[in-house]
Each structure stands twice: as C-alpha cells, then as structure tokens.
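**Student:** Pasting the sequence and the predicted coordinates here, then a few questions.
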Amino acid sequence: MLLTIDVGNTNTTFAFFKKKHILKVDHFPSTKKDFKKFSQKLLREKQARPLAGIVVASVVPELNQNIRLLGQQLKIKPLFLNHKNTPLRIRIKNPQKIGADRLANAVGASYFYGKKDKHGDSPLLVIDIGTATTLDIVTAQGKFLGGLILPGPQTMLSALFEKCAQLPKVPFKKPKRIVGRNTQEAIQSGIFYSYVSLIEGLIQKIQKQFKTRLKTILTGGFSTPLSPSMTTPHTVDPYLTLKGLNELNSSF
C-alpha cells in the first residue's frame with residue numbers, strides 16, 4: 001500500500017491507496033502536535049497496514065521534518081513532490097516556487113481527466129478551493145501552463161472579522177436567502193455568493209484567453225459546498241490532490 005499525505009495550510013489530509021483504489025481518507029489540523037498523534041497511531045497500526053511507500057505534497061515546511069522522522073521510523077524514505085520529480089512539463093518561470101499541491105492537482109487532472117481530441121492537446125482547468133484558492137491550467141499531455149492564486153472563502157471571512165471591529169466572526173455556509181436579514185446572514189451571503197461569482201467570472205475570462213471551453217475540475221475543502229450554486233459545467237473531485245500523488249508512484 002501507498003500512503004499519500006497532502007499537507008495544507010489549515011489541514012493535513014492523508015489516504016491509503018492499494019494500486020488505484022483509495023482504502024481510507026482522513027484529515028487533521030496541520031500542527032506538529034496533531035501530526036505527532038497521527039504518526040503514533042500509524043506506527044501502532046503498521047503491522048496491520050504495511051506500507052510500500054509515502055508520497056507527500058507539502059506547503060507547510062515546518063512539518064516536513066516530522067514526515068521525514070515518520071519515514072525513518074517506518075524505514076521508508078518519503079518522496080516529496082517538487083518541480084524536479086513531477087512528470088509534468090512546466091512552462092512557467094521559477095518552477096521551483098510552484099506549490100506541491102498545485103503540481104499534484106495537475107498530475108491528477110492530466111491523468112484522470114485529460115483526453116486528446118481532434119483539437120490536439122486539450123487544456124484543463126483545475127480549481128482548488130481551500131485556505132488559498134488556486135486555478136491552474138494543465139494539458140492532457142501534462143504541460144503545466146500557469147495559473148492564479150487568491151484567498152480562499154474562509155480566509156476572506158477571517159480578514160473581514162479581523163479588520164472590521166463591529167463585524168462578528170461567522171462560519172462559512174450558504175445562507176437561506178441572498179439578501180441577509182441580519183449581520184451574520186449578510187456576511188455569509190456576501191462571501192458565499194461573491195465567491196461563486198468570482199470563480200465563475202474567472203473561468204469565463206480564462207476560457208476567453210484560451211478561446212475554448214475548458215474541462216473544469218474542482219477540488220479542495222470548499223468545492224463541495226460551492227459546487228451546487230455554480231452554473232458553469234464542472235466536475236468535483238475532492239480527492240484529486242491525493243490521486244495525483246498516488247499516480248507518482250502507481251507501481252506501489
């Protein structure tokens with residue numbers, strides 16, 4: 001089995017794969033304390049769940065040493081995804097600065113959703129909506145063409161609470177009505193529906209640049225609640241990052 005670990009700014013998500021099949025998915029906060037708990041649990045289970053490898057996409061460098069330590073205890077050297085060991089052909093400046101999560105998403109999208117047609121190497125649009133939101137273009141043959149980065153929905157909510165003294169901290173959720181009848185509803189509606197409009201507006205502008213409709217794949221923690229309110233055709237794949245990591249070592 002293969003263990004894939006996606007270390008995000010807020011949460012770390014992991015999955016066990018047996019070839020192409022996901023056996024288990026779970027997550028915990030991206031802190032050293034929580035990663036230690038995960039490591040201890042995994043070490044206790046290692047006889048029942050033997051591992052052949054560990055593949056990692058991390059955007060939190062301070063946790064990388066914890067992952068290496070876990071690998072030493074399991075006698076497995078973790079593979080950290082970066083611009084050098086990805087099968088992608090990267091077509092942007094400073095490829096060493098691309099987040100590993102973006103690379104994993106691009107690998108997963110290219111492998112599972114890329115399809116050559118009569119127009120040639122068709123581009124795909126991958127949108128990962130999390131603490132930060134990324135929109136990336138990758139082609140069916142694995143050319144990474146670049147993308148956009150912006151704050152995620154919860155990050156916007158947090159900024160509103162931190163910068164506006166009289167506004168309360170509210171959870172991100174779809175309100176019952178678009179015009180709020182109290183301050184909480186007004187904030188939730190403003191963030192939720194502006195984010196739907198933001199994402200769909202960006203999709204339109206990107207498709208205009210490429211002069212074609214792009215197959216769009218949504219992933220990330222906020223993709224599921226936002227998806228039903230979107231009218232632009234798209235696919236939701238909550239495990240795209242993990243599936244991309246698995247494809248890097250699909251022989252395990």
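**Tutor:** Sure thing, it's come through. Numbers count the residues shown, from 1 in each chain.

**Student:** Please count neighbours and contacts with C-alpha atoms only from this point.
**Tutor:** Fine.

**Student:** how about residue 137, secondary structure?
**Tutor:** Three-state call for residue 137 (DSSP: H, G, I helix; E, B strand; the rest coil): strand.

**Student:** how close does the closest residue in space to it that isn't next to it in sequence get to residue 132?
**Tutor:** Among residues not flanking residue 137 along the chain, residue 125 sits closest, at 4.8 Å (C-alpha to C-alpha, 6 or more residues apart in numbering). Here residue 125 is placed at a distance of 16 Å from residue 132 (C-alpha to C-alpha, to the nearest Å).

**Student:** a strand runs through residue 176, doesn't it?
**Tutor:** No - read with three-state DSSP, residue 176 is coil and lies in no strand.

**Student:** Would you mind giving me the confidence score for it?
**Tutor:** On pLDDT, residue 176 comes in at 88.

**Student:** Show me what the longest helix anywhere in the chain is packed against.
**Tutor:** The helix that spans the most residues within the chain, counting by DSSP state H, is helix 183-210. Judged by 3 or more C-alpha pairs under 8 Å, 6 or more residues apart in numbering; DSSP states H and E, helix 183-210 is in contact with helix 153-163.

**Student:** ok, residue 111 - how many residues close by?
**Tutor:** Around residue 111 there are 17 other residues, counting by other C-alpha atoms under 10 Å.

**Student:** Give me the nearest residue to it, chain neighbours excluded.
**Tutor:** Take residue 111 and drop its neighbours on the chain: the residue closest to it by C-alpha to C-alpha, 6+ apart is residue 140, 7.5 Å away.

**Student:** so that neighbour touches residue 112, yeah?
**Tutor:** No - taking contacts as C-alpha atoms under 8 Å, residue 140 lies outside contact range of residue 112: 9.2 Å.
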